[in-house]
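Visitor: Make a model of this:
(chains A and B)
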Amino acid sequence: MSNIQHQHTVKEDPWSSLKAFTSARIALGRTGTAIPLKEVLAFKLAHAHARDAVYSRLDNNLLLEELHASLLPVLLLHSSAADRHEYLQRPDKGRRLDQESIATLQAQPDAFMHRDVAIIIADGLSATAINIHAVPFLNHLLPLLKAAGISVAPVCLAEQARVAIGDEIGERLQAKMTLMLIGERPGLSAADGMGAYITFNPRTGNTDEGRNCVSNIRQDGLQYIPAAGKICYLLQESLRLQLSGVALKDNYEDPSLLTA
Amino acid sequence: MSYQHTIHYKTYQFNDLRTLLAKATPFRSGDALAGLAATTYEERVAAQMTLADVPLKTFLHDAIIPYEKDEITRLIIDSHDGAAFAPVSHFTVGELRDWLLSDAADTVTLQQLSPGLTPEMVAAVSKLMRNQDLISVAQKCEVVTRFRNTIGLKGHLSVRLQPNHNTDDPKGIAASIIDGLLYGSGDAVIGINPATDSPQAVVQLLRMLDQLREQFDIPTQSCILCHVTTALQIIHQAPVDLVFQSIGGTEKTNSSFGVQLKLLQEAHEAALSLNRGTVGNNVMYFETGQGSALSANAHEGVDQQTCEVRAYAVARKFSPLLVNTVVGFIGPEYLFDGKQIIRAALEDHCCGKLLGLPMGVDICYTNHAEADQDDMDNLLTLLGVAGCNFIMGVPGADDIMLNYQSTSFHDALYARKVLGLKPAPEFDAWLQRQGIMDARGQLQQVGKAHHLLSYQAG
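Guide: The predicted structure is shown next:
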């Protein structure tokens, strides 16, 4: 046997101080030309979180229980994508409701129609994001909406859903606007980002230039309070100007960022 | 014109050439989404058998998107080189496949043939090839381009250093560049995807890259991957080496990217006029990827692989330094899993090379695709064998701005080591002068005092 050295197989990089300037995976060190195991496993764990987020399910029981406290009626809806596999390959199916959901919306009393905003909570590409953030965020937003005199339709929980499913839901509830809270495409540094899309005059077939998006709502991203303030502002402006999208500019000034 | 084939007692009919091409394509989710894919396994093979018997000449008079309707069709037909085509003009698609794999089709012959082939011929023949065939044929092609160094020589593998940052912070970008250079990456280009398309930010980043390159006398080129109109706007106030643009294979796709051939022509001429190359004047950098035409609802009933190869006709017109197919970026609704991503990458690389393009591949995937680093390792190894010109070098393979996974600086070193490949010669010599690599391509351990580590981003 040759004399195999056990110690110091991994060579450290002498520029680890540069890590202070970026969250990119730099100065990883190496063994031969390979990434050291410690870093390989850290990458794998981040990827596992992202993958688990993609295949996570809306926790309807938890969400129902939490939403119950808000005293809002809740409707359970499903897109026409049968499962995750179909959802990922057929974005068209994720944008339309299944027959049962259409019947549910058709059965709603007139009192639930014609509200200012229909709030839709959808899994998108990370139900994890929604399970964590949707209700705590709404708990900040709903009082602001109430104070602004914005009326709210029943909250819709939509499974296997893409952003545009909000158009069909809003149209069937005859709401003036939709607010869609949806799980964003997970990256390795964040698997739980929640996005919010605002659409005025929701109609099936609307396109993305007619929406406003507030993204990256999560603990280490955009916090609930400024996010709720911004979204309430955009909803008010959307109602006032009767539009949304590229023509609706975000001039919101976050009071928490204003200096005294 | 319709095409048909009988298997046992069942006759398959394909109404036109674009339908035949789509049905003959190995399965991928994007063609199913577009409603263009074969509906049974037998139909797919029937289409491949039918396609094998189509004479190559057919592609010159049976345009899959009408000549009047699409400027890329006009480019393909008007720039076809009949003399270069002559030696294979009597072949069917099937005969071309067999000939390409024969010893008669060597590197020089393939280089001479290239202007005689149209994208549709090349897409068609690739649909009749196994992965092995795609590697074998691509490996015989050699496409060499030059700006401040020489890229694409046989036995070499270059790397685009991609030091993206989510807020374009110059210090953060510089940190990733230093990391990449010390790992031997950056000979294809140091190229940043900017988080914003603001002209001011682009100018600032270009100046920083140029200053860094000059300070350390690095024989490479830089690029900010902004829209071509942004590059044109700032080209006389900032040090622009390469002009970048994403392109697609139909006029409508390019419209959705905000470009036409005329605009690309203008950008090409502007970049050439700067005369910044030292060993050559290939000044364009194009990115492509299967699915972009469908995603823009601009596929004109053409399958995603054929659309992709038509984009190479656009690239070919402007003699680019680099063409990069960003294979797994667009998502699982176009390429569902590792198997589809690997197949698509090998097709893109082979088809681009046959058309005479300096092909690189961003070996990558998003987190909602069924893929992981093992798939990337497989594809990297296959493309290394196939003679790919360049790949991406992203710190730890994790792009913190674009939120997707690609290949790392370490991955590039792996491919060079197991396949005996070297960086671009000028860059290789620089790495040795810097004490980063030795003459055998072995990475050296640099000390804290290495002068690259003294760099301060402005």
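
Visitor: okay, CA-based contacts and neighbour counts for the rest of this
Guide: Fine.

Visitor: What parts of the stretch 1-150 of chain A come near chain B?
Guide: Applying Cα under 8 Å from any Cα of the partner chain, we find that the stretch 1-150 of chain A lies next to chain B at A:11, A:14-15, A:18-19, A:21-28, A:30, A:33-35, A:47, A:50-51, A:54, A:88-91, A:125.

Visitor: how about a cut-off of 7 Å?
Guide: A:14-15, A:18, A:21-22, A:24-27, A:33-35, A:50-51, A:54, A:88-90 (Cα under 7 Å from any Cα of the partner chain).

Visitor: Name the residue of chain B that lies nearest to chain A.
Guide: Closest contact between chain B and chain A, by Cα to the nearest Cα, is at residue B:333 (4.1 Å).

Visitor: got the contact list for that residue?
Guide: Listed by Cα atoms under 7 Å, 6 or more residues apart in numbering or on different chains, the contact set of residue B:333 reads A:88, A:89, A:90, B:29, B:30.

Visitor: So which of the residues you listed is the closest to residue A:80?
Guide: Sorting the contacts of residue B:333 by how near they are to residue A:80, with Cα to Cα, puts residue A:90 at the top with 9.8 Å.

Visitor: That closest one reaches residue B:33, doesn't it?
Guide: Yes. Here residue A:90 lies in contact with residue B:33, judged by Cα atoms under 7 Å, at a distance of 6.2 Å.

Visitor: Surely residue B:124 is within a helix?
Guide: Yes. Read with DSSP: H, G, I helix; E, B strand; the rest coil, residue B:124 is one of the residues of a helix.

Visitor: picking that back up, what about the contacts of residue B:333, which are in strands?
Guide: Secondary structure defined by DSSP state E assigns none of the contacts of residue B:333 to strands.

Visitor: what number of residues lie near residue B:275?
Guide: By the other Cα atoms under 10 Å in any protein chain shown criterion, the neighbourhood of residue B:275 contains 13 residues.

Visitor: Name the nearest residue to it, sequence neighbours excluded.
Guide: If you skip the residues right next to it in sequence, residue B:275 has residue B:281 as its closest partner in space, 7.4 Å away by Cα to Cα, 6 or more residues apart in numbering or on different chains.

Visitor: picking that back up, if any of the contacts of residue B:333 are buried, give me the ChimeraX selection for them.
Guide: The buried residues among the contacts of residue B:333 can be selected in ChimeraX (16 or more other Cα atoms under 10 Å in any protein chain shown) with this line:
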select /A:88,89,90 /B:29,30
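
Visitor: From the contacts of residue B:333, pick the one nearest residue B:367.
Guide: residue A:88 (11.3 Å).

Visitor: is it true that the closest one touches residue B:332?
Guide: Yes. In this structure, residue A:88 sits in contact with residue B:332. The criterion is Cα under 7 Å, and the distance is 6.2 Å.

Visitor: And the strands in the stretch 101-250 of chain A, which stretches?
Guide: For the stretch 101-250 of chain A, applying DSSP state E, counting those that start in this stretch gives strands covering A:117-122, A:155-159, A:177-183, A:194-200, A:211-217.

Visitor: With only the CA atoms kept, save the shortest one in PDB.
Guide: Extracted C-alpha coordinates of strand A:155-159, given in PDB (Å, rounded to 0.1, in the frame of the first residue of the first chain):
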ATOM      1  CA  VAL A 155     -61.700  33.600  -0.100                       C
ATOM      2  CA  CYS A 156     -60.900  30.900  -2.700                       C
ATOM      3  CA  LEU A 157     -58.300  28.200  -2.100                       C
ATOM      4  CA  ALA A 158     -57.300  26.900  -5.500                       C
ATOM      5  CA  GLU A 159     -55.200  23.800  -6.000                       C
END
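
Visitor: Could you tell me which residues of the stretch 151-260 of chain A lie near chain B?
Guide: Contact residues, the stretch 151-260 of chain A versus chain B (Cα under 7 Å from any Cα): A:186, A:187, A:188.

Visitor: quick revisit: I'd like the strands of the stretch 101-250 of chain A as JSON lines, with mean pLDDT and distance to residue B:195 appended.
Guide: Conversion of these to JSON lines gives the following (pLDDT from 0 to 100; distance: least, Cα to Cα, whole Å):
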{"stretch": "strand A:117-122", "mean pLDDT": "98", "distance to residue B:195": "27"}
{"stretch": "strand A:155-159", "mean pLDDT": "97", "distance to residue B:195": "31"}
{"stretch": "strand A:177-183", "mean pLDDT": "98", "distance to residue B:195": "21"}
{"stretch": "strand A:194-200", "mean pLDDT": "97", "distance to residue B:195": "18"}
{"stretch": "strand A:211-217", "mean pLDDT": "93", "distance to residue B:195": "15"}
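
Visitor: Make TSV from the ones you listed and add mean neighbour count to it.
Guide: Conversion of those to TSV gives the following (neighbours: other Cα atoms under 10 Å in any protein chain shown):
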stretch	mean neighbour count
strand A:117-122	28
strand A:155-159	23
strand A:177-183	29
strand A:194-200	26
strand A:211-217	21
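
Visitor: Now do stretch B:385-397: distance to the chain's middle.
Guide: From the chain centre to the centre of stretch B:385-397 is a distance of 11 Å (Cα atoms, centre = their mean, to the nearest Å).

Visitor: got the CA positions of that stretch in CSV?
Guide: Extracted as CSV, the C-alpha positions of stretch B:385-397 are listed here (Å, rounded to 0.1, in the frame of the first residue of the first chain):
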residue,chain,number,x,y,z
VAL,B,385,-17.0,14.1,-25.8
ALA,B,386,-19.1,15.7,-28.5
GLY,B,387,-16.6,18.6,-28.7
CYS,B,388,-18.8,21.4,-27.3
ASN,B,389,-17.1,24.8,-27.6
PHE,B,390,-18.0,26.2,-24.2
ILE,B,391,-20.2,25.7,-21.1
MET,B,392,-21.2,27.9,-18.2
GLY,B,393,-19.2,28.5,-15.1
VAL,B,394,-21.5,29.6,-12.2
PRO,B,395,-20.2,29.6,-8.6
GLY,B,396,-21.3,26.3,-7.1
ALA,B,397,-23.6,25.7,-10.1
